[in-house]
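Enquirer: Got a predicted structure plus its sequence, pasted below:
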Amino acid sequence: MKNLTISLIIPAYNEEKYIGACLEAVIKNSNGKFLEIIVIDNASTDKTSDIAKGYPGVTVIREEKKGLTRARQCGLENSKGQIIAYVDADTQIPDFWYEKIIKEFTKSDKLSCLSGPYVYYDISKFRQFIVKILYWYMLAMPTYWIVGYMVTGANFAIKRDVLEKMGGFDTSIEFYGEDTNLARRSHEYGKVKFSPSFWIYSSGRRLNSQGMYKTAIIYILNYFSEVFFKKPNTQEYKDFR
């Protein structure tokens with residue numbers, strides 16, 4: 001794929017505390033290279049939209065029906081790039097992130113989706129170490145090598161034509177399992193690469209509020225439920241803001 005264009009989509013529900021830092025990192029570390037930066041205001045009731053509109057080159061689109069997959073789908077339908085990249089509003093992209101997408105999709109026509117882990121910027125050093133060793137190296141990577149696909153929902157880039165062939169996002173899924181659903185279905189159209197070097201900074205607010213081990217168990221259960229039964233295990237979820 002030559003001369004790739006990348007649209008960046010940022011779903012945001014009541015993210016007034018985080019959206020500013022997210023957009024500042026995006027603008028600083030992409031040097032204007034994204035074709036477009038779109039914030040999907042997903043039925044927010046705070047100042048998320050007003051804050052996002054204050055950043056140059058950022059388009060804000062309102063999606064009235066709350067739901068992460070619906071926000072992602074809205075981003076797909078309102079973007080133009082050959083590659084659609086997604087991050088969450090509480091993340092911050094590092095300076096190599098854009099170029100990594102270009103490099104990976106340029107060198108392999110068979111790549112359908114690229115994803116990677118998180119580096120949590122607001123949890124203790126000890127918890128960061130536990131997450132890195134337990135979550136990513138002992139659980140995520142071996143599972144990825146065995147199953148063949150894995151996506152983290154706050155850090156991925158996917159070909160537009162793959163998303164269109166898939167029929168877009170499964171909007172019947174509210175939260176848990178949506179990332180593995182995407183990985184499983186996009187795997188049918190090419191390689192899904194989970195790369196430790198394609199990491200992103202993220203808030204650990206869910207880990208802090210819900211607990212590290214409980215969060216890990218929920219994600220593991222939903223990953224394997226999607227892999228083996230093609231549906232999530234957990235229907236209910238809680239927003240942590």
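Expert: Done, it's in. Owing to the predicted nature of the structure, the values given are computational and were not obtained by experimental measurement. Numbers count the residues shown, from 1 in each chain.
Enquirer: what's the residue closest to the geometric middle of the protein?
Expert: Among the residues of the chain, the smallest C-alpha distance to the mean C-alpha position (C-alpha atoms, centre = their mean) belongs to residue 154, namely 2.3 Å.
Enquirer: what about residue 48, how many residues close to it?
Expert: Neighbourhood size, residue 48 [other C-beta atoms under 10 Å]: 24. For the C-beta atoms, the positions are set from N, CA and C on the backbone; glycine is no exception.
Enquirer: Quick one: residues contacting it.
Expert: Taking C-beta atoms under 8 Å, 6 or more residues apart in numbering, we find residue 48 in contact with 12-16, 19, 39, 41, 89.
Enquirer: Okay, and the closest residue to residue 178 other than its chain neighbours sits in which element?
Expert: Leaving aside its sequence neighbours, residue 178 sits nearest to residue 69 (C-beta to C-beta, 6 or more residues apart in numbering; 5.2 Å). With elements taken from DSSP states H and E, the one containing residue 69 is helix 68-77.
Enquirer: same thing with residue 113?
Expert: strand 111-115.
Enquirer: got the CA coordinates for that strand in CSV?
Expert: Coordinates of each C-alpha in strand 111-115 appear next as CSV, following Å, rounded to 0.1, in the frame of the first residue of the first chain:
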residue,chain,number,x,y,z
LEU,A,111,-1.9,-7.1,7.1
SER,A,112,-5.5,-6.4,8.0
CYS,A,113,-5.2,-5.0,11.5
LEU,A,114,-2.4,-3.8,13.8
SER,A,115,-2.7,-3.5,17.6
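Enquirer: can I get the CA coordinates of the helix holding residue 69 in PDB?
Expert: Extracted as PDB, the C-alpha positions of helix 68-77 are listed here (Å, rounded to 0.1, in the frame of the first residue of the first chain):
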ATOM      1  CA  LEU A  68     -18.500   2.200  22.200                       C
ATOM      2  CA  THR A  69     -19.100   0.100  19.100                       C
ATOM      3  CA  ARG A  70     -21.700   2.600  17.800                       C
ATOM      4  CA  ALA A  71     -19.200   5.400  18.300                       C
ATOM      5  CA  ARG A  72     -16.500   3.400  16.400                       C
ATOM      6  CA  GLN A  73     -19.000   2.700  13.600                       C
ATOM      7  CA  CYS A  74     -19.900   6.400  13.400                       C
ATOM      8  CA  GLY A  75     -16.200   7.100  13.000                       C
ATOM      9  CA  LEU A  76     -15.900   4.700  10.200                       C
ATOM     10  CA  GLU A  77     -18.900   6.100   8.300                       C
END
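Enquirer: now it, how far from the centre of its chain.
Expert: Between the centre of helix 68-77 and the centre of its host chain there is 12 Å, according to C-alpha atoms, centre = their mean, to the nearest Å.
Enquirer: Give me the buried positions along that helix.
Expert: Burial within helix 68-77, assessed by neighbour count using 16 or more other C-beta atoms under 10 Å, is assigned to 68-76.
Enquirer: residue ranges for the helices of this protein, please.
Expert: For the chain, the helices defined by DSSP state H cover 19-30, 48-53, 68-77, 97-107, 125-130, 141-147, 160-166, 178-186, 205-210, 212-229.
Enquirer: so which of the ones you listed is the most packed in?
Expert: The highest mean neighbour count among the helices of the chain belongs to helix 178-186 (a mean of 24), with neighbours defined as mean count of other C-beta atoms under 10 Å.
Enquirer: sorry, back to before: compare the contacts of residue 48 and tell me which has the most neighbours.
Expert: Taking other C-beta under 10 Å to define a neighbour, the member of those with the most is residue 39, carrying 30 neighbours.
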